[in-house]
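[1] just to be clear, the model below is a prediction. Sequence and coordinates:
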Amino acid sequence: MQTLRLKVKPQARESRLEQLADGTWLAQVKAPPVDGKANQEVIALVAAHFGVRAAQVTIKSGASGRMKRVTVDD
């Protein structure tokens, strides 16, 4: 199991995930932060990046904020 610290930028031009120099990840998602749409896109983005199913990705904390702690089950 891997734990990631993510900073999320909703309503970006394109969806992408990149690791920053300090070890945190920046997730830029197209979806707005309404009704959990941005969180769903974050989960899909992390799952695609690490080659796992979306069910293996969980937002452990920060679901309503920009800084999130996400776990990826191997």
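    Great, that's in hand.
[2] strands of the protein, residue ranges please.
    Listed in chain order, the strands of the chain (DSSP state E) span 2-9, 16-19, 25-28, 57-61, 67-72.
[3] and the fourth one with strand 67-72, angle?
    Comparing the axes of strand 57-61 and strand 67-72 via axes from the mean of the first three to the mean of the last three Cα atoms, to 10 degrees yields an angle of 140 degrees.
[4] strand 57-61 pairs with which strands, parallel or anti?
    Here strand 57-61 has these sheet partners by DSSP bridges: strand 67-72 (antiparallel).
[5] what's the angle from the strand it pairs with to strand 2-9?
    Counting by the same axes, to 10 degrees, strand 67-72 lies at 140 degrees to strand 2-9.
[6] going forward, begin numbering at 6 instead of 1
    Fine by me, first position is 6 from now on; the one you just mentioned is strand 72-77.
[7] now do strand 72-77, average pLDDT.
    Here strand 72-77 scores 95 as its mean pLDDT.
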